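Engineer: quick one, what's the 3D model for this:
(one chain, ligands or ions: 1)
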Amino acid sequence: MSELHKFLFEGLPVRGMIVRLTDAWTEVQRRRAANSSTGPYAQPVQALLGEMLAAGVLMQSNIKFNGSLILQIFGDGPVKLAVAEIQSDLSLRATATVRGDVPAGAALGEMVNLHGAGRCAITLDPKSRLPGQQPYQGVVSLTNADYQPLAQLSDVLQHYMRQSEQLETTLVLAADDKVAAGLLIQRLPIEGVANLAGQQPGEAELYEAQMYEHYNRVATLAASLKREELLTLDVETILRRLFWEEKLQRFERFTGERGPRFACSCSRERVGRMIQGLGNSEANDIVAEQGAISVDCEFCGAQYRFDAVDVAQIFKTPGEQPPSSSSVQ
Ligand SMILES: [Zn+2]
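Structural biologist: Numbers count the residues shown, from 1 in each chain. This next block holds a predicted model:
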């Protein structure tokens, strides 16, 4: 089952999180693979989307915010758009729009930054928006400060988090067809430095330098985690192997109904009601022209297909009507 773990390094201004998506991640892929017009994700796209989901869960859990966090990559290569959306209750969904072939083993740049125009956007959309309030959006390019293309999604997001939160962050991400996982280590603002400043000259600076050293040590340990280890080892083993010399303060893990899990609001019933809204003759025209009415969910890639028999059912059977207080069966 998918899980999220949070921890602190005792006495140090450093926090960490580790996420492991299993069932939630395979559901994302199952929906895509079952779509007859798209078919399953090519392996490099699958790896990118899995990493986006893992990163999105870490970023959503890292902020105090009630709403959805949407991680989008607008690509200028075969991957036109990749989207991962994570709600504050950790329910999630993801999809990607791919045009043309993605070669096996394609790098991030080949997929989304072929001409240097790829962008990554992070949107925070509050659940209850005030009138006129726009969602917050930050956009970063897929290059570093020297305009060199970034090879990993983790580099892009580390860059973004340093910019937006002004906090040093280390991210390790990995995904295959079974697991999408991520480790985040972040340096916290040091409290009480202002109080120290008035005392001994240089004391605050010395303290900050020491704390920075601690963060660097933890970040170096975290960055030594190999993708293969992140995918195959359980959370306990990873934390023990990486931080066996550190004192970790662990928190309750988030799993099941409180943990990361797949959710999309689409359903066959909803699409059926939409077809009903088209009216009998228009629905039948589409069926005559295309053999069936096929609707893809734009948020999760699920395909809903209604052939002539299904469409006839919608317009004939009262059971297919949307339930109302007077016609509950
Ligand atoms: Zn959906």
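
Engineer: how about F65, what does it touch?
Structural biologist: Taking CB atoms under 8 Å, 6 or more residues apart in numbering, we find F65 in contact with 88, 124, 126. C-betas here are computed from N, CA, C, even on glycine.

Engineer: again, 10 Å this time
Structural biologist: Residues in contact with F65 (CB atoms under 10 Å, 6 or more residues apart in numbering) are 59, 88, 124-127, 136.

Engineer: state the distance from it to the ion.
Structural biologist: 23 Å (CB to the ion, to the nearest Å).

Engineer: what does the chain have sitting close to the ion?
Structural biologist: When proximity is defined by CB under 5 Å from the ion, the chain lies next to the ion at 264, 266, 297, 299-300, 302.

Engineer: show me what contacts the residue most central in space within the chain?
Structural biologist: Centre of the chain computed as the mean C-alpha position; nearest residue by CA atoms, centre = their mean is L53, 2.5 Å away. L53 is in contact with 2, 19, 21, 24-25, 28, 71, 84-86, 92-94, 173, 175, 180-182, 260, 262, counting by CB under 10 Å, 6+ apart.

Engineer: and W244, how many residues sit next to it?
Structural biologist: 9 (other CB atoms under 10 Å).

Engineer: an error on my part: the question was meant for L167.
Structural biologist: Per other CB under 10 Å, the neighbour tally for L167 reads 15.

Engineer: nearest residue to whichever residue of the stretch 101-250 of the chain sits closest to the ion other than its sequence neighbours?
Structural biologist: Going by CB to the ion, the ion is nearest to D125 of the stretch 101-250 of the chain, at 17.2 Å. Nearest residue to D125 in three dimensions, chain neighbours excluded: P135, at 4.0 Å (CB to CB, 6 or more residues apart in numbering).

Engineer: am I right that that neighbour is in contact with R129?
Structural biologist: Yes. Using CB atoms under 10 Å, P135 makes contact with R129 at a distance of 7.5 Å.

Engineer: joint contacts of those two?
Structural biologist: Shared contacts of P135 and R129, counting by CB under 10 Å, 6+ apart, come down to G67.

Engineer: following the lowest-mean-pLDDT helix or strand in the chain, which helix or strand shows up next?
Structural biologist: Lowest on mean pLDDT, DSSP states H and E among the helices and strands of the chain sits helix 193-197, with a mean of 55. Where DSSP states H and E defines the elements, the next helix or strand beyond helix 193-197 is helix 203-223.

Engineer: now the next helix or strand after that next one: buried residues?
Structural biologist: The helix or strand immediately downstream of helix 203-223 is helix 227-232, counting by DSSP H and E. Going by neighbour count (16 or more other CB atoms under 10 Å), the buried part of helix 227-232 is 227, 229-231.

Engineer: now do whichever helix or strand comes after helix 227-232 against helix 203-223, angle only.
Structural biologist: Next helix or strand after helix 227-232 toward the C-terminus (DSSP H and E): helix 235-243. Counting by axes from the mean of the first three to the mean of the last three CA atoms, to 10 degrees, helix 235-243 lies at 130 degrees to helix 203-223.
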